[in-house]
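A.B. asks: Just a sequence and a predicted model for now, questions to come.
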Amino acid sequence: MGLRTRVSNFLGFGRQQPQPAPRRRSYQGALISRLTNDWLATQTSADAEIRTSLRKLRDRSREMVRNNPYARQAKRTTQINVIGTGIKLQSQVQQVRGTKRDDRINKLIEAKWEVWTRSQHCDVSGRYSFHQLEWLAAGALPESGEAIFRIVRRPFGDSKVPLALQMLESDLLDEEYQGNTLSKTNEWRNGVEVNEWGRPVRYAFLTRHPGDYWFQNAPQRADKHVFIPAADVIHLFMPERPGQNRGVPWFHSVMSDAHQLQGYEEAAVVRARVGASIMGFITNNEGELIADDVENKQRVSDFEPGTYKYLSPGESVTVPNISSPDQQFEMFVKNKVRRFASGFGCSYETLSRDFSDTNYSSSRLSLLEDREHWRVIQNYLIENFHMRIFREWLSLAVLSGELPFADFETRPERYETPRWMARGWSWVDPLKEVKAYREAEQAGYMTKAQIIAYTGGDYDDNISELAREQELAQSTGVTLDKDILDAGLPAIADVPAEPPAPAEEPPARAKRTTRKRKTT
């Protein structure tokens with residue numbers, strides 16, 4: 001560096017070096033570039049998003065269940081795994097003094113509950129039993145996003161308990177209603193009036209289904225809406241965001257893929273049909289209608305197996321190469337079905353019923369993941385549907401004299417803590433499962449009641465049934481395998497069979513002796 005340069009820099013006349021631009025820290029997902037210009041996102045609340053899309057999502061979801069086999073299987077497997085043969089009630093009332101259960105009260109509650117859950121008592125229309133209402137609710141959650149029940153406090157049929165349920169389709173809950181509120185601090189949000197804390201106050205239902213326009217002979221009501229207090233409505237939906245007041249169909253994230261897959265499969269099938277139907281095209285350079293027959297200016301040719309067709313002069317045959325679906329068809333369909341299953345919340349094997357690419361370990365892992373998902377839905381229904389209905393039924397049954405509990409008003413919590421027995425599952429290899437449960441019970445990790453409840457049974461019912469079987473066996477003089485094992489004797493299967501008696505050997509034949517001649 002020369003003297004002139006140093007003097008210029010000292011006096012501030014030197015060339016200024018450009019300062020590097022400060023680096024900005026940000027999320028890649030929030031960057032706006034030419035690659036993300038088509039990524040549309042809005043800052044809206046959950047209710048705002050739902051209001052503009054709910055009706056179309058619900059209609060398309062139902063169309064998928066009607067016509068798409070994967071959507072149909074998704075709804076059916078939800079109902080089978082969540083409800084199955086029903087979620088059963090087990091009363092847990094304990095004695096006033098002590099920790100033992102009061103069997104007399106528990107059996108009375110369960111017997112009265114079983115009578116009320118019949119279709120003529122628990123349903124206002126008399127069509128659906130309580131198990132069928134459970135089944136419909138479990139199917140409405142994935143298909144419509146929500147299940148709605150109205151509590152009607154009056155007896156139906158010959159029931160003495162003034163309580164019944166009316167299941168309402170979610171279309172009747174008018175998400176566009178904006179009317180007067182009961183308080184200045186209240187507001188209507190998608191057909192639900194909520195207070196300043198977001199707690200539902202009442203619901204605005206349409207008096208007629210908006211799609212029920214085929215039946216015009218029904219009596220018309222002057223009011224378009226009917227307002228039902230929140231205390232008389234059971235609104236079931238699994239929220240995804242805080243402040244959400246309506247549920248959305250569970251197919252909302254896979255609808256586009258399912259629609260594209262259905263169109264692709266239809267096009268592939270049509271392509272295969274065309275390839276199997278068209279034999280060839282005949283080109284006629286003369287432009288004349290020459291064929292076996294001509295009708296309405298259309299060539300008609302007859303084809304029979306094992307025949308040769310002769311062409312007229314100037315005609316040639318072109319055989320199109322229209323093959324059946326290529327090797328990419330199966331791989332593409334599996335990929336789309338996997339995306340469908342992942343977006344819905346179950347495994348590919350459960351949705352497609354295809355177990356060709358799985359073994360025992362992989363199938364077990366997928367089943368474990370699925371069953372945890374089903375248990376979440378079971379717990380939600382038990383907490384928000386079964387428990388609420390049971391408390392309503394129990395208080396009204398005591399009030400009507402159906403259940404004679406004198407201390408119910410002072411100690412209702414004694415009676416309002418039942419156990420709900422949801423359906424359970426068994427493994428592919430039950431022998432390993434039984435051994436694992438037995439070791440867990442012997443080590444103190446689980447109880448017999450927990451093991452039986454995990455598989456969908458009832459410990460009290462098992463004990464009662466075992467006692468009945470033993471009593472019957474003793475009265476008839478029959479010894480059961482369980483009694484043999486308890487006595488320390490070997491089971492029948494463990495007793496070695498007596499060896500069969502050896503067969504009598506045939507009499508020994510006289511040995512044939514040969515004499516040697518002596519030669520001299």
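C.D. replies: Structure's in. What do you need? Numbering: from 1, shown residues only.
A.B. asks: ok, and the closest non-adjacent residue to residue 190?
C.D. replies: residue 175 (4.1 Å; C-beta to C-beta, 6 or more residues apart in numbering). (Each C-beta comes from the backbone N, C-alpha and C, glycine too.)
A.B. asks: so that neighbour sits in a strand?
C.D. replies: No. Applying DSSP: H, G, I helix; E, B strand; the rest coil, one finds residue 175 to be coil, outside a strand.
A.B. asks: That one: how many residues sit nearby?
C.D. replies: 20 (other C-beta atoms under 10 Å).
A.B. asks: how near is it to residue 192?
C.D. replies: Residue 175 sits 9 Å away from residue 192, going by C-beta to C-beta, to the nearest Å.
A.B. asks: Give me the common contacts of these two.
C.D. replies: residue 246 (C-beta atoms under 8 Å, 6 or more residues apart in numbering).
A.B. asks: residues touching the residue nearest to residue 190, list them.
C.D. replies: Per C-beta under 8 Å, 6+ apart, neighbours of residue 175: 50, 51, 54, 55, 190, 191, 246.
A.B. asks: mind listing what residue 61 touches?
C.D. replies: Neighbouring residues of residue 61 by C-beta under 8 Å, 6+ apart: 71, 143, 144, 145, 249, 251, 252, 255.
A.B. asks: Closest one to residue 480 out of those residues, please.
C.D. replies: residue 143 (47.8 Å; C-beta to C-beta).
A.B. asks: number of nearby residues for the closest one?
C.D. replies: Around residue 143 there are 24 residues (other C-beta under 10 Å).
A.B. asks: Before we go further, it is sitting in a helix, right?
C.D. replies: Yes. Counting by three-state DSSP, residue 143 is found in a helix.
A.B. asks: Would you mind measuring from it to residue 422?
C.D. replies: For residue 143, the distance to residue 422 - C-beta to C-beta - is 21 Å.
A.B. asks: As a check, name the ranges of all strands in the stretch 101-250 of the chain.
C.D. replies: Secondary structure of the stretch 101-250 of the chain by DSSP state E, counting those that start in this stretch: the strands cover 147-152, 164-168, 187-189, 192-194, 200-206, 225-229, 233-236.
A.B. asks: Can you name the element that comes right after the helix or strand hosting residue 376?
C.D. replies: Assessed by DSSP states H and E, residue 376 sits inside helix 360-381. Counting by DSSP H and E, the next helix or strand C-terminal to helix 360-381 is helix 387-399.
A.B. asks: Beyond that next one, next helix or strand please.
C.D. replies: strand 419-421.
A.B. asks: Next, the buried residues of the helix or strand that that following strand is followed by.
C.D. replies: Proceeding C-terminally, strand 419-421 gives way to helix 430-443 as the next helix or strand, assigned by DSSP H and E. Within helix 430-443, the residues that count as buried by 16 or more other C-beta atoms under 10 Å are residue 437.
A.B. asks: packing partners for helix 430-443?
C.D. replies: In terms of contacts (3 or more C-beta pairs under 8 Å, 6 or more residues apart in numbering; DSSP states H and E), helix 430-443 is packed against helix 448-454.
A.B. asks: Just the residues contacting stretch 121-139, thanks.
C.D. replies: Under C-beta under 8 Å, 6+ apart, the answer for stretch 121-139 is 75, 78-79, 82-83, 85-87, 115-120, 147, 149, 152, 155-159, 161, 163-167, 236, 377, 381, 385.
A.B. asks: residues near residue 167, how many?
C.D. replies: Residue 167 has 19 nearby residues by other C-beta under 10 Å.
A.B. asks: Check what pLDDT it gets.
C.D. replies: Per-residue pLDDT puts residue 167 at 96.
A.B. asks: How about residue 289?
C.D. replies: 51.
A.B. asks: Over to residue 449?
C.D. replies: 83.
A.B. asks: same question, residue 220
C.D. replies: So residue 220 comes in at 67 (pLDDT).
A.B. asks: about what we covered before: out of the contacts of residue 61, who has the most neighbours?
C.D. replies: residue 71 (28 neighbours).
A.B. asks: Chain neighbours aside, what residue packs nearest to that one?
C.D. replies: residue 64 (3.9 Å).
A.B. asks: Now do the same for the helix or strand containing that neighbour: mean pLDDT, whole number.
C.D. replies: Element membership for residue 64 (DSSP H and E) is helix 46-67. Mean pLDDT, computed over helix 46-67, is 93.
A.B. asks: try stretch 331-350
C.D. replies: pLDDT averaged over stretch 331-350 gives 89.
A.B. asks: nearest residue to the spatially most central residue of the chain other than its sequence neighbours?
C.D. replies: Taking C-alpha atoms, centre = their mean, the centroid of the chain lies closest to residue 78, which sits 1.7 Å from it. Computed as C-beta to C-beta, 6+ apart, the closest residue to residue 78 that is not its neighbour in sequence is residue 142, at 5.3 Å.
A.B. asks: was I right about the one you found contacting residue 343?
C.D. replies: No. Taking C-beta atoms under 8 Å as the definition, residue 142 is not a contact partner of residue 343, at 11.6 Å.
A.B. asks: list residues touching both of these two?
C.D. replies: By C-beta under 8 Å, 6+ apart, the residues touching both residue 142 and residue 343 are residue 251.
A.B. asks: Please identify which of the two sits among more neighbours.
C.D. replies: residue 142 (24 against 17).
A.B. asks: ok, that one to residue 56 distance?
C.D. replies: According to C-beta to C-beta, residue 142 and residue 56 sit 17 Å apart.
A.B. asks: Kindly report the same for residue 368.
C.D. replies: 36 Å.
A.B. asks: which stretches of the stretch 151-300 of the chain form helices?
C.D. replies: Using DSSP state H, counting those that start in this stretch, the helices of the stretch 151-300 of the chain run over 255-277.
A.B. asks: quick one: low-confidence ranges for the stretch 301-450 of the chain?
C.D. replies: Within the stretch 301-450 of the chain, the ranges that satisfy pLDDT under 70 run 301-315, 317-326, 427-428.
A.B. asks: hmm, try it at 50
C.D. replies: Along the stretch 301-450 of the chain, no part satisfies pLDDT under 50.
A.B. asks: ok, now the stretch 101-250 of the chain?
C.D. replies: Answering for the stretch 101-250 of the chain: no residues sit below the bar, that is pLDDT under 50.
A.B. asks: so what's residue 118 up against?
C.D. replies: Contacts of residue 118 (C-beta under 8 Å, 6+ apart): 129, 130, 157.
A.B. asks: and the residues you listed, which are buried?
C.D. replies: Buried among the contacts of residue 118 by 16+ other C-beta under 10 Å: 129, 130.
A.B. asks: quick check, nearest of the contacts of residue 118 to residue 108?
C.D. replies: For the contacts of residue 118, the nearest to residue 108 is residue 130 (18.2 Å; C-beta to C-beta).
A.B. asks: how far away is the closest one from residue 77?
C.D. replies: Applying C-beta to C-beta to residue 130 and residue 77 gives a distance of 22 Å.
A.B. asks: so what are the domain limits for this structure?
C.D. replies: 48-213+220-250+368-423, 279-319, 426-479 (automatic domain parsing).
A.B. asks: Need the winner for burial among those domains.
C.D. replies: Mean neighbour count (mean count of other C-beta atoms under 10 Å) peaks for domain 48-213+220-250+368-423 among those, with a mean of 17.
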